[in-house]
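**Q** What follows is a predicted structure for the sequence shown.
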2 protein chains.
Amino acid sequence: MLNERSPTRIQKKNRAAILEAALEVFSAHGFRGATVDQIANQAGLSKPNLLYYFPSKDAMFTALLSELLDTWLDPMREIDASGDPLEEILAYVQRKLQMSRDYPRESRLFANEIVQGAPRMLDALSTDLRDLLQEKEAVLQGWMAAGKINQTHPKHLMFSIWALTQHYADFDVQVRMLMGPEDPFDAAPEFLETLYRRMLTPKS
Amino acid sequence: MLNERSPTRIQKKNRAAILEAALEVFSAHGFRGATVDQIANQAGLSKPNLLYYFPSKDAMFTALLSELLDTWLDPMREIDASGDPLEEILAYVQRKLQMSRDYPRESRLFANEIVQGAPRMLDALSTDLRDLLQEKEAVLQGWMAAGKINQTHPKHLMFSIWALTQHYADFDVQVRMLMGPEDPFDAAPEFLETLYRRMLTPKS
DNA sequence: CGTGACTTTGACCAGTTGGTCAAATCCAAC
DNA sequence: GTTGGATTTGACCAACTGGTCAAAGTCACG
């Protein structure tokens, strides 16, 4: 039996290897499209051995999610209500874009799930994400009321940032196919900065 | 045997029912997540009967794609090089947004495929979409050179329109979960119009 | 009607998949 | 090095999946 109290050296190593492999496979094929065999292969372990560490495919997925969600939401947490409004938002956009560049698999994992109705994720999202959004929405509204940034719908503003930044990870194949040899991430930062600067800079 | 020359009344009806069911199921679960049985059920036919009309699950998916891609690209085709630049782009954004509202399943079908690397779709995209984008990119560049709209990266501008509008269909569950009872499509048109108006209106 | 083509289906098949289990092997601490 | 728990695995299973097929049923039309 697996002892969860004090993980051994081997447990730590294998658990990490499995989650890394699960991220690779789940993000590329979605939950149903991924097979335990694939993950086992990717992790360099046998299938029964995987199921020694995680009782089921579902458990692997759930564990992976709860490990990633926190990191995924970090860029939004860092938005500082006491900073300069426009610069805070622009910095957030750049952090999100950087996440798409550095962690595209994580982005696709979430995208896969949400597109299919988030059957295994809605609970987590409807607590963590909902609360965090509500908090930052209030911050945005404060900035708008103070005339620091243009008036607009705060929720849609956040959606737009998610959509624009994650697009480069989630639709990577399409973007690269259409851009040829040019790296999408070369021009994206400047494009998004310009977009949100024009959108939000107060008319004064 | 199935006679493809002159479809009978029954052939027309069943083919349509199958493609409608396939859209429903493929868009909700992705290609691999969908089962032929599910589609048969949804269409009100038996599984062998489905396979009488389409030789394989793959053929169903391919047929569905080639039927939808044209419609999907229509809003972009309608961009008129001789129209008013800013209004043409704003109208395009609204058409795309309307597509997300009226045909969310189609949007999710494409999203599902592309997120997973578009294994069955890249060919179609890399001809039809690539050509169309190249054409409209030239139009945008003309408008920018003439000072009719602000200078910006035309490809990223198009990507941003796709990302923002399709987000409302593809991430529907997340958006609705965060917006509560309010309909996302109430405020989205105005938000996007404002966004692109501020982005593109020349500084003069 | 009757007849030939079109349509539908129950039974079936081989391959895949998530998961089990008992036995074997490994490892750390005494 | 012995021992007891931790780890690994080959063999296996039931459910599911895409697809086949021969036989039965239905339809249009002369």
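**A** Great, that's in hand.
**Q** Does anything pack onto the lowest-mean-pLDDT helix or strand in chain A? Which helices or strands?
**A** The weakest-scoring helix or strand in chain A, judged by mean pLDDT, DSSP states H and E, is helix A:122-124 (a mean of 90). Using 3 or more CB pairs under 8 Å, 6 or more residues apart in numbering or on different chains; DSSP states H and E, the elements in contact with helix A:122-124 are helix A:57-77. All C-beta spots, glycine's among them, are computed from the backbone N, C-alpha and C.
**Q** if we go to 6 Å?
**A** Helices and strands touching helix A:122-124, by 3 or more CB pairs under 6 Å, 6 or more residues apart in numbering or on different chains; DSSP states H and E: there are none.
**Q** Run the chain-centre distance for it.
**A** 14 Å (CA atoms, centre = their mean, to the nearest Å).
**Q** Now the element after it, going C-ward?
**A** helix A:130-145 (DSSP states H and E).
**Q** buried stuff in that next one?
**A** By 16 or more other CB atoms under 10 Å in any protein chain shown, the buried positions in helix A:130-145 come out as A:Leu133, A:Lys136, A:Glu137, A:Val139, A:Leu140, A:Trp143, A:Met144.
**Q** can you pull the pLDDT of the first one?
**A** What that stands for is A:Leu133. pLDDT recorded at A:Leu133 is 98.
**Q** What parts of chain A come near chain B?
**A** Selection of chain A residues close to chain B by CB under 6 Å from any CB of the partner chain yields A:30, A:32-33, A:108, A:111-112, A:114-115, A:117-118, A:126, A:133, A:153, A:156, A:160, A:163-164, A:167, A:170-171, A:173-174, A:177-178, A:187, A:191, A:195, A:198-199.
**Q** Spell out which parts of chain A neighbour DNA strand D.
**A** Residues of chain A lying close to DNA strand D by CB under 7 Å from any atom of the strand are A:1-3, A:8, A:10-11, A:14, A:45-49, A:52-53.
**Q** List buried residues within these.
**A** Using 16+ other CB under 10 Å as the burial test, those include A:Asn14, A:Leu45, A:Tyr53 as buried.
**Q** residue contacts, the first one?
**A** Taking CB atoms under 6 Å, 6 or more residues apart in numbering or on different chains as the criterion, A:Asn14 is in contact with A:Tyr53.
**Q** Please tell me how far it sits from A:Phe26.
**A** Distance, A:Asn14 to A:Phe26, using CB to CB, to the nearest Å: 18 Å.
**Q** Going by residue numbers, what spans are helices in chain A?
**A** With DSSP state H as the criterion, chain A has helices at A:9-33, A:36-43, A:47-53, A:57-77, A:85-102, A:104-115, A:122-124, A:130-145, A:154-170, A:172-179, A:184-200.
**Q** For B:Val93, which of those helices is the nearest?
**A** helix A:154-170 (12.0 Å; CB to CB).
**Q** Run through who's touching the closest one.
**A** A:93, A:96-97, A:100, A:104, A:107-108, A:111, A:137, A:140-141, A:184, A:188, B:115, B:160, B:163-164, B:167, B:187, B:191.
**Q** Mark which of those residues are buried, thanks.
**A** By 16+ other CB under 10 Å, those give A:93, A:96-97, A:100, A:104, A:107-108, A:111, A:137, A:140, A:184, A:188, B:115, B:160, B:163-164, B:167, B:191 as buried.
**Q** Closest one of the buried ones among the residues of chain A next to DNA strand D to chain B?
**A** Nearest to chain B, judged by CB to the nearest CB, of those is A:Leu45 at 23.1 Å.
**Q** how about that closest one, phi and psi?
**A** A:Leu45 adopts backbone torsions of phi -130, psi 170, taken as degrees, to the nearest 10.
**Q** With pLDDT as added columns, please give the buried ones among the residues of chain A next to DNA strand D in a markdown table.
**A** A markdown table is the format used below for those (pLDDT from 0 to 100):
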| residue | pLDDT |
| --- | --- |
| A:Asn14 | 95 |
| A:Leu45 | 96 |
| A:Tyr53 | 97 |
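**Q** Name the nearest of these relative to A:Ala63.
**A** Taking these together and measuring to A:Ala63 by CB to CB, the closest member is A:Tyr53, at 9.5 Å.
**Q** now that closest one: how far from A:Arg105?
**A** Distance from A:Tyr53 to A:Arg105, by CB to CB: 20 Å.
**Q** and the closest residue to A:Thr62 other than its chain neighbours, how many neighbours does it have?
**A** Of all residues not flanking A:Thr62 in the chain, A:Arg120 sits nearest, at 6.8 Å (CB to CB, 6 or more residues apart in numbering or on different chains). Applying other CB atoms under 10 Å in any protein chain shown, we find 14 residues neighbouring A:Arg120.
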